[in-house]
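Q: Task: produce atomic coordinates for the following.
(chains A and B)
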There are 2 protein chains.
Amino acid sequence: MIMVNMKDVAKEAGVSLGTVSNYLNQKKLKPETEKRIKKAIKKLHYVRNNAARDLRKNNSSYVVFVLPTVWTPFFSELTFWIQKDLDQIGYKTILCLSENQYEQEKGFVDMAEEQRVAGIISVSYSNITSHVHSGIPLVSIEKEDTGLFSLISSDNYSGGELAASELKKRGASKYFFVGSDNESLKAMTARKSGFVDFCNRNHLEYLLYKISSTSNEPKFNDQLSNVTKKLIDYSKTCDNLGVFAYTDEVAFKLYLKILDQGIKVPDKIQIIGFDGWKLSKDQSLDLSSIRQPIKDIAKNAVRELDSQIKGKSFDKTPRIMLPVSFYSGKTTREVD
Amino acid sequence: MIMVNMKDVAKEAGVSLGTVSNYLNQKKLKPETEKRIKKAIKKLHYVRNNAARDLRKNNSSYVVFVLPTVWTPFFSELTFWIQKDLDQIGYKTILCLSENQYEQEKGFVDMAEEQRVAGIISVSYSNITSHVHSGIPLVSIEKEDTGLFSLISSDNYSGGELAASELKKRGASKYFFVGSDNESLKAMTARKSGFVDFCNRNHLEYLLYKISSTSNEPKFNDQLSNVTKKLIDYSKTCDNLGVFAYTDEVAFKLYLKILDQGIKVPDKIQIIGFDGWKLSKDQSLDLSSIRQPIKDIAKNAVRELDSQIKGKSFDKTPRIMLPVSFYSGKTTREVD
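A: Sure thing, here's the model as predicted:
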C-alpha cells in the first residue's frame, strides 16, 4: 500500500517539506500557510508516520505478549486485562500464541528483538527466558526459573491449603488430589503441597491421583475416566468425598464425567478446581474454584514492565506473589 | 533500552560499516573477515533491526485485529485462529479490544494508519469502516455496512432455519425465539428471520421474546428471568418446548436459570444456542448450538487480507458467507 507522505502534502500546499515538518511539530507559521497545509492534509488524508518517528527516536510502543493460547477462559481473561492495561499507558500488544511449543516461543523472542519492541510479557512453561540475551525488559507470569527476570504469580501453595480447608468446612470425609506430578511445573507442585500439608496438619485422610500434564492426549482422557471410576467406587461406602483438581480444566472434565455416571455433585462428591474460570466478564462457570487474581496479575505485570522500560525499577528481578480466593460455585455444598 | 547496532559490530570486528552491511546482506566476503564479523555478532548479541528494514522498504508485517473482546469462548477461538493464520504467513497480530466502544475503535484505526500497518481485520458492530480513508486493506468479520470493504460471515439465516428444523426433528410442540430486535445487527436479525420463516413454512406455532442486545446491563438479567418464568409457565401445560436463543451467551444463561427452577433440560424444555462455544480447543460446553465455522472464518479473513495487501484481489469487496452446522449437546433430546 502506498500512503500519502509529507512530500505529497508539501506539493499540494505549495510549500517546502521543511514547512510541513514545522507545522507537524507545532511550530508557529503564518496563518495563511497553516491554512493551506491543513487543507492539503485533509484533502489527501495524510496521516503522520509514527513508525518512522519511533525509529528515529529509538523508541517503540510495541510489547510482545507470549502465552500458550488465548482459547481457555483463564488465558482469554488474562489477555483481556493485559491488552487493556498496556493500551491505557500507550503500548500496543503483539499477541504471540506458542501452544507450548519451544520453537515457537524462541521465534517470538527473536522477532521481539529484531523488531526492537519495548518489552516482553511471557507465560511460558519451558525456559523461554534463557533465550533472551539482549537486555530487553521482560516480565514472566506464573513461571521463571533463571532468576534473571521478574516474576508475577499467584500464591499457589496457599491456594492448595485453601482448597483443603474449604472442603473441610463442608464436612468432606475423605480427600483427593487430582493433578500432574510433573516436578518442573512448580506452580502446580505448590498447589499439591499446600493441599497435602493442610491434610497432614489436620489429620485428614487423603489420596493423590496422578494424571498427565498435557490434556490433549488420548491418555489424559483415559486417566480421568479411571479417576472417575475410583471416586465413584469410594462414594459407594463413603458419603461426602472432597476432590481438589489442580486446574479448572481438570475439575470441569471430571465434573462432567461424574455427572454422566449419574452421581450427584455436590451431594455425593464435592469438587474444587483452581483458576476461577469465567466464561466472560459477567458470566462465571459455576464451578467451585480457587480463583487466581487475574486482573491483578495483569496489572502488576504491566506496571513492572513499564517501570523496567522507563528505567525506573532498581530491582530487576522482583518476585511478586498475589493472594488467591475461594469462589463458591455449584460443585461444593453450602457451609452448615 | 539501548541495543547493539551495526556500528558496534563493525568496531568490534575491526571492519567498516559497509562490510558488516554486506555480510548481513549475504554478499561474498573473505572467509577471515566473515569469521571476525560472525564472532563480533555473537559476542555482542547483535540482532538485526527489522523495524528499520521494513520502514526503509515501505513495508510492514503488522496486522491490526480489532474486536470487542477476547474474553468469550467465541472471540477467544476466533482470535486463536486469526493469530495462527497470520503468523503462518509472516504477519504479527496487534490485538485491539474495543469493548464495542466507538471511540476506542476509531483510536485503533488511527493507530493502524499512523503505524503504517499492512492491514486491518475487524469485528465491529458500529460502523468502524467509515473511519478508514487511507486505502489500507481491511477485512470485516460478521458486519460491514458501507459496501466498500470485504466481509466474511456465517450464513446466519440458514442457521436460524436449522435451529427450528432440529427442534422439529426432536418433536418440539411449541417454538420460542429469544433475542434482541435491534435491527442494526443484521447477522442477528437474519438468525431470527430464518427461524420464523421455517416455522411459518411448516405451520409451527412460535413466539418471539425480545431481550436487550447488551448483556452487561441489570435490565438484561431481569429480562432473562422474565423469559424463564414465561417458559416455565408454558411447560406446565405443554410437554416439549423448543427454544432457540440467538447466541450461546443467552442460551447458557437461560439454561442455568431454568435448571435453578428445578425444570429438566432437555426433558421439559430443549434449548439451542448460536455460535458453538467451546471452552478450549478440546473441550466443548455441551450446549446444543448452531456452530459457526470459526476456523474457516479466520482462514478466509486472513487469506482475503493477504491477497489485498499483495494487490492480488480484483474484487475488493467480496461477500463471503460460510455454512453453519448443528452441534448436538446436552440441551436437546436424542432424535427418535
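
Q: is it fair to say A:Lys106 lies in a helix?
A: Yes. The assignment for A:Lys106 (DSSP: H, G, I helix; E, B strand; the rest coil) places it in a helix.

Q: thought A:Tyr255 was touching A:Ser288?
A: No. Applying C-beta atoms under 8 Å, one finds A:Tyr255 not in contact with A:Ser288, separated by 9.7 Å. From N, CA and C alone the C-beta is placed, and that goes for glycine too.

Q: where do the contact lists of the two overlap?
A: Shared between the contact lists of A:Tyr255 and A:Ser288 (criterion: C-beta atoms under 8 Å, 6 or more residues apart in numbering or on different chains) are residues A:Ile271, A:Thr331.

Q: Closest to the mean position in chain A, which residue would that be?
A: The centroid of chain A falls nearest to A:Leu78 when counting by C-alpha atoms, centre = their mean (4.0 Å).

Q: pull the CA atoms of the helix or strand where that residue lies into CSV?
A: Take DSSP states H and E as the rule and A:Leu78 turns out to sit in helix A:73-88. Coordinates of each C-alpha in helix A:73-88 appear next as CSV, following Å, rounded to 0.1, in the frame of the first residue of the first chain:
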residue,chain,number,x,y,z
PRO,A,73,-11.2,-19.0,30.0
PHE,A,74,-8.0,-18.3,32.1
PHE,A,75,-5.8,-17.2,29.2
SER,A,76,-8.6,-15.2,27.5
GLU,A,77,-9.2,-13.3,30.7
LEU,A,78,-5.5,-12.7,31.2
THR,A,79,-5.1,-11.5,27.7
PHE,A,80,-8.1,-9.2,28.0
TRP,A,81,-6.6,-7.4,31.0
ILE,A,82,-3.0,-7.3,29.7
GLN,A,83,-4.3,-5.6,26.5
LYS,A,84,-6.4,-3.2,28.4
ASP,A,85,-3.6,-2.2,30.8
LEU,A,86,-1.0,-1.9,28.1
ASP,A,87,-3.3,0.2,26.0
GLN,A,88,-4.0,2.5,28.8
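
Q: That helix vs helix B:73-88, what angle?
A: Helix A:73-88 and helix B:73-88 meet at an angle of 70 degrees, taking axes from the mean of the first three to the mean of the last three C-alpha atoms, to 10 degrees as the criterion.

Q: is helix A:73-88 up against chain B anywhere?
A: Yes. Part of helix A:73-88 sits near chain B under the criterion C-beta under 8 Å from any C-beta of the partner chain, namely A:Pro73, A:Phe75, A:Ser76, A:Glu77, A:Thr79, A:Phe80, A:Gln83, A:Lys84, A:Asp87.

Q: dump the residue contacts of the third one.
A: Neighbour list for A:Ser76: A:Val70, B:Val70, B:Trp71, B:Thr72, B:Pro73, B:Phe75, B:Ser76, B:Thr79 [criterion: C-beta under 8 Å, 6+ apart].

Q: I'd like these laid out as JSON lines, including distance to B:Ile94 and pLDDT.
A: Conversion of the contacts of A:Ser76 to JSON lines gives the following (distance: C-beta to C-beta, whole Å; pLDDT from 0 to 100):
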{"residue": "A:Val70", "distance to B:Ile94": "14", "pLDDT": "97"}
{"residue": "B:Val70", "distance to B:Ile94": "13", "pLDDT": "97"}
{"residue": "B:Trp71", "distance to B:Ile94": "18", "pLDDT": "96"}
{"residue": "B:Thr72", "distance to B:Ile94": "20", "pLDDT": "95"}
{"residue": "B:Pro73", "distance to B:Ile94": "22", "pLDDT": "96"}
{"residue": "B:Phe75", "distance to B:Ile94": "16", "pLDDT": "97"}
{"residue": "B:Ser76", "distance to B:Ile94": "17", "pLDDT": "97"}
{"residue": "B:Thr79", "distance to B:Ile94": "12", "pLDDT": "98"}
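
Q: can you redo those residues as JSON lines with distance to B:Asp155?
A: As requested, those are exported to JSON lines (distance: C-beta to C-beta, whole Å):
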{"residue": "A:Val70", "distance to B:Asp155": "26"}
{"residue": "B:Val70", "distance to B:Asp155": "25"}
{"residue": "B:Trp71", "distance to B:Asp155": "26"}
{"residue": "B:Thr72", "distance to B:Asp155": "21"}
{"residue": "B:Pro73", "distance to B:Asp155": "20"}
{"residue": "B:Phe75", "distance to B:Asp155": "20"}
{"residue": "B:Ser76", "distance to B:Asp155": "23"}
{"residue": "B:Thr79", "distance to B:Asp155": "22"}
